[in-house]
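Chemist: coordinates for the following, if possible.
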Amino acid sequence: MAVKNRIADLLPEITAWRHDFHQHPELLFDVHRTAARVADLCRSFGCDEVTEGIGRTGVVAVIKGRGASGRVVGLRADMDALPIIEQTGVDYASKTAGKMHACGHDGHTSMLLGAAKYLAETRNFDGTAVCIFQPAEEGGGGGREMVREGMMERWGIQEVYGMHNMPGIPVGAFAIRPGAMMAAADTVEITVTGKGGHAAKPHDCIDTVVLASSIVLALQTIASRGVDPLKQVVVSICAVSTDSTAHNVIPQVVVLKGTVRTMDFAVQDFVERRVREIAEGTALALGGRAEVRYERGYPVTVNAEDNTRYAAEVARTVSGRVDEDTPPLMGAEDFSFMLLERPGAYIFIGNGNTPMVHHPAYNFDDQVIPYGSSWYVGMIEARMPAG
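Modeler: The predicted structure follows:
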């Protein structure tokens, strides 16, 4: 139970790639430098096919094994950074003000590159490995765009696997679960309209602040009284704004903005309906009007049962430390779009006792690399064993 010896030998090289990506973070789909570097490296490895511009700035690298089984397995890593001012103090810190790799995508990309180099050298598998380097995971839906462009059909991908580092889990350890792994993330914006006026004459107004406050409180009954307590749901109103900043003016309009997180497609449908009913009905009862804009974001990340078992088995061969029933997270992940198209699984790999992702002091631990690259390689070799 160990990492691949060749991957361990490649650690300094892979680490250098990671530090380079870390110094040059790019956001959303604007990952032109990162994607070009990824494509150049994949070509230098001898990958059989390297295609750029999938899902706007994604890269797909194809590596053919020694056999002709017709099996095709996809491996995915994300490339984009976050609009955060870095506070790590490392000597390879971001050179771009206001941008940093605060979620470890530099590490994910580098680990998959290490796996691609290994697979191109050894080709000890029977089938085709498709390495997917995705832009815009952090809110842009790059996974959705790659799927929409026909990535699965174009390369005949039959199953797909992804990985994310996770602070709080020991380095070298893995965590996974079958079924819902991460939540769907929807956004809601409610525009409440009443009748503004002088705060000293509320009887001449339809007070939108009271209306909006009543809506916020009533929305909490969705989780507490509308959904089975054994099912996870979060409805959070996170921002309130008005068309007035005066202390003695009842505003004409109040806008509420928030997020909805669910782990079940049926619950997601129910919550969307109830948000509309509660907002519109509460406003109407108090003499005003509410307009709801509800947008579906990333869907639930659902691990297929068999593929979860495959992923856990490979993780066990890499380190022997696998939690196969890790609690689901209410965060969201757009690898979910790929899992809606093909069976597969998403696994966490430990980043040790570090600040949480999306924190300005977070940093990917380079000691994770041999474990992550070995897991990527192991998925190919286990799912498409050489004859």
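Chemist: give me the pLDDT for the nearest residue to Q87 once chain neighbours are set aside.
Modeler: Nearest non-adjacent residue to Q87, counting by C-beta to C-beta, 6 or more residues apart in numbering: P360, 4.0 Å away. To be clear about C-beta, it is placed using only N, CA and C from the backbone, and glycine gets the same treatment. Looking at P360, its pLDDT is 98.
Chemist: quick one: the nearest residue to G196 once chain neighbours are set aside and T282, what's the gap?
Modeler: Leaving aside its chain neighbours, G196 sits nearest to Q252 (3.5 Å; criterion: C-beta to C-beta, 6+ apart). Distance from Q252 to T282, counting by C-beta to C-beta, to the nearest Å: 18 Å.
Chemist: which of those two has more residues huddled nearby?
Modeler: T282 (22 against 17; other C-beta atoms under 10 Å).
Chemist: surely that one is in contact with V216?
Modeler: No. T282 is not in contact with V216 according to C-beta atoms under 8 Å; the separation is 9.6 Å.
Chemist: for the stretch 201-350 of the chain, what spans make up the helices?
Modeler: 208-219, 221, 265-285, 305-318, 336-341 (DSSP state H, counting those that start in this stretch).
Chemist: mean confidence (pLDDT) on the following helix or strand past the first one, please.
Modeler: Spelled out, it's helix 208-219. Per DSSP states H and E, the first helix or strand lying C-terminal to helix 208-219 is helix 221. Across helix 221, pLDDT averages out at 97.
Chemist: what residue ranges in this structure are flagged as low confidence?
Modeler: Along the chain, the model assigns pLDDT under 70 to residues 1.
Chemist: let's see that with 80 instead.
Modeler: Applying pLDDT under 80 to the chain picks out residues 1-2.
Chemist: center of it - which residue?
Modeler: What sits nearest the mean C-alpha location of the chain, by C-alpha atoms, centre = their mean, is E333, with 2.6 Å.
Chemist: these two touch, right, it and T301?
Modeler: Yes. Using C-beta under 8 Å, E333 is in contact with T301, at 4.9 Å.
Chemist: next, show the common contact partners of the two.
Modeler: Shared contacts of E333 and T301, defined by C-beta atoms under 8 Å, 6 or more residues apart in numbering, comprise M181, M182, Y346.
Chemist: and which of those residues is nearest to I14?
Modeler: Within the shared contacts of E333 and T301, distances to I14 taken as C-beta to C-beta reach their minimum at Y346, with 21.6 Å.
Chemist: who is that closest one paired with across the strands?
Modeler: Using DSSP bridges, the bridge partners assigned to Y346 are G162.
Chemist: still on that earlier bit, among the helices of the stretch 201-350 of the chain, which is nearest M151?
Modeler: With respect to M151, and counting by C-beta to C-beta, the nearest of those is helix 336-341 at 8.3 Å.
Chemist: packing partners for that closest one?
Modeler: Here helix 336-341 touches helix 142-148, strand 159-166, strand 301-303, strand 344-350, going by 3 or more C-beta pairs under 8 Å, 6 or more residues apart in numbering; DSSP states H and E.
Chemist: the second one versus strand 344-350: what angle between them?
Modeler: In this case it means strand 159-166. 20 degrees (axes from the mean of the first three to the mean of the last three C-alpha atoms, to 10 degrees).
Chemist: specify the angle between strand 159-166 and helix 305-318 in degrees.
Modeler: For strand 159-166 against helix 305-318, the angle by the same axes, to 10 degrees is 50 degrees.
Chemist: helices and strands around strand 159-166, which ones?
Modeler: Packing contacts for strand 159-166, counted by 3+ C-beta pairs under 8 Å, 6+ apart, involve strand 72-78, helix 105-122, helix 305-318, helix 336-341, strand 344-350, helix 369-383.
Chemist: got the angle for that strand vs strand 72-78?
Modeler: 30 degrees.
Chemist: which other residues reach strand 159-166?
Modeler: Contact with strand 159-166 is made by 73-77, 104, 107-108, 111, 132, 152, 175, 307, 311, 333, 335, 338-339, 341-351, 357, 364-365, 368, 372, 375-376, 379, 383, as judged by C-beta under 8 Å, 6+ apart.
Chemist: I'd like the distance from that strand to the chain centre, please.
Modeler: 10 Å (C-alpha atoms, centre = their mean, to the nearest Å).
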